[in-house]
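Enquirer: with the input below, show me the fold.
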Amino acid sequence: MSIELHHVSKYFGEQAAVNNISFNANRGEIVGFLGPNGAGKSTTMKMITGFIAASSGTIKVNGEVVDPDQLNTRKYIGYLPENNPLYTDMYVREYLHFVGSIYRVKGLKTRVEEMIEAVGLSVESNKKIGALSKGYRQRVGLAQAIIHDPDILILDEPTTGLDPNQIVEIRELIKHIGSQKTVLLSTHIMQEVEAICNRVIIINKGKIVANDQKENLSKEHETQTLYIEFEGKVNQNQLLNIAGVSKVKPFDKGWLIEGDKTQDLRKAIALKAQKEGWLILTLRMETKSLETVFKELTNK
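Expert: The predicted model follows:
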């Protein structure tokens with residue numbers, strides 16, 4: 001149960017939407033696939049699912065090469081695209097039964113009811129899809145993606161249009177599913193990645209700029225950052241003169257100080273404060289968030 005990309009590129013005319021990328025995702029992993037708009041996320045997902053062909057390189061799903069002209073790999077994949085196209089004139093049960101019949105799901109009537117319950121569609125299950133809110137349509141899209149119990153899930157913005165309570169429910173469902181499957185999840189919500197993903201891949205301008213466990217990603221790009229507040233006046237130049245300090249900027253009622261992470265700036269600042277007679281009111285270590293790492297990597 002895996003996804004493998006080897007030196008994959010996709011050109012639209014002379015424009016490289018995806019440029020020589022390689023990565024894999026394995027069973028039991030929920031991989032966050034992040035990038036700014038236009039970075040190549042949706043294009044990559046469409047190539048993995050076989051909706052469009054790669055210009056070059058190889059994509060494998062469960063060891064089989066993806067070929068848009070063949071259907072052999074699509075049986076392994078559940079796909080929720082960003083725009084979530086649905087047959088709005090169909091009733092919820094009718095649509096899920098239709099999708100399940102395409103995949104030749106056994107015990108289809110029971111499976112449809114399981115999906116309705118799993119994604120929280122029970123109260124809306126007797127309506128036409130066209131009469132549903134955006135959030136409930138998204139639930140229908142997720143139900144159709146998993147109705148055939150696929151080995152691999154490709155989810156492009158799965159919580160779009162959901163309210164906060166629904167988002168929590170869908171995240172928990174994805175976490176549960178992801179423990180036994182391979183999940184590639186695209187989202188712009190960093191809290192979502194931090195809540196459910198094991199690993200993070202960041203793509204920018206068609207190229208992979210990061211691929212690591214989310215904890216390692218933050219550590220790898222971490223600088224030592226402190227927030228400090230003094231009683232009385234301490235100016236920026238005085239702080240810049242402390243050994244190991246590289247950057248000082250005002251923040252709130254105090255200062256944000258960055259410096260060499262190989263030494264403990266707190267000790268250097270405390271010694272300087274003692275020498276100068278500064279009274280420290282607040283001193284805390286600031287942790288670099290995934291959102292900050294994302295901004296740094298995609299704004300270069």
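Enquirer: domain ranges for this structure, per the record?
Expert: Per automatic domain parsing, the structural domains of the chain span 3-213, 221-298.
Enquirer: rebuild those domains as a markdown table, extending it with mean pLDDT.
Expert: A markdown table is the format used below for those (pLDDT from 0 to 100):
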| stretch | mean pLDDT |
| --- | --- |
| domain 3-213 | 92 |
| domain 221-298 | 85 |
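Enquirer: just these: most buried one?
Expert: Among those, the stretch with the highest mean neighbour count (mean count of other Cβ atoms under 10 Å) is domain 3-213, at a mean of 18. Just so you know, the C-beta spots here come from the backbone N, C-alpha and C atoms, and that holds for glycine as well.
Enquirer: CA atoms only for stretch 185-201, dumped as CSV, please.
Expert: Extracted in CSV, the C-alpha atoms of stretch 185-201 (Å, rounded to 0.1, in the frame of the first residue of the first chain):
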residue,chain,number,x,y,z
LEU,A,185,-3.7,15.1,2.3
SER,A,186,-3.5,18.5,0.7
THR,A,187,-4.7,21.4,2.9
HIS,A,188,-4.0,25.1,3.6
ILE,A,189,-4.9,24.6,7.2
MET,A,190,-1.6,24.2,9.2
GLN,A,191,-3.5,23.2,12.4
GLU,A,192,-5.0,20.3,10.4
VAL,A,193,-1.5,19.1,9.4
GLU,A,194,-0.2,19.3,13.0
ALA,A,195,-3.3,17.5,14.2
ILE,A,196,-3.3,14.5,12.0
CYS,A,197,-0.3,14.2,9.7
ASN,A,198,2.8,12.1,10.4
ARG,A,199,5.0,13.5,7.7
VAL,A,200,5.0,16.8,5.7
ILE,A,201,6.0,17.3,2.0
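Enquirer: quick one: residues in contact with that stretch.
Expert: 23, 25, 29-34, 41-42, 45, 82, 153, 155-159, 167, 171, 174-175, 178, 208, 210-214, 217, 289-291, 294 (Cβ atoms under 8 Å, 6 or more residues apart in numbering).
Enquirer: mind checking which of those residues land in strands?
Expert: In strands, judged by DSSP state E, the following of those are found: 23, 25, 30-34, 153, 155-156, 208, 210-213.
Enquirer: contact partners for Gly63?
Expert: Taking Cβ under 8 Å, 6+ apart as the contact definition, Gly63 lies against Ser2.
Enquirer: what's it sitting at in phi/psi?
Expert: Main-chain torsions, Gly63, degrees, to the nearest 10: phi 80, psi -10.
Enquirer: find the nearest non-adjacent residue to Asp156, please.
Expert: In this structure, Asp156 finds its nearest non-sequential neighbour in Glu82, 4.2 Å apart by Cβ to Cβ, 6 or more residues apart in numbering.
Enquirer: quick check on that neighbour: phi, psi?
Expert: When read as degrees, to the nearest 10, the backbone of Glu82 gives phi -60, psi -40.
Enquirer: quick one on the thing from earlier: please identify which of the ones in strands among the contacts of stretch 185-201 is nearest to Gly135.
Expert: Leu155 (15.3 Å; Cβ to Cβ).
Enquirer: now the closest one, which residues is it bridged with?
Expert: On the basis of DSSP bridges, Leu155 is bridged to Leu80, Leu185.
Enquirer: tell me the spacing between it and Ile3.
Expert: In this structure, Leu155 and Ile3 are 13 Å apart, going by Cβ to Cβ, to the nearest Å.
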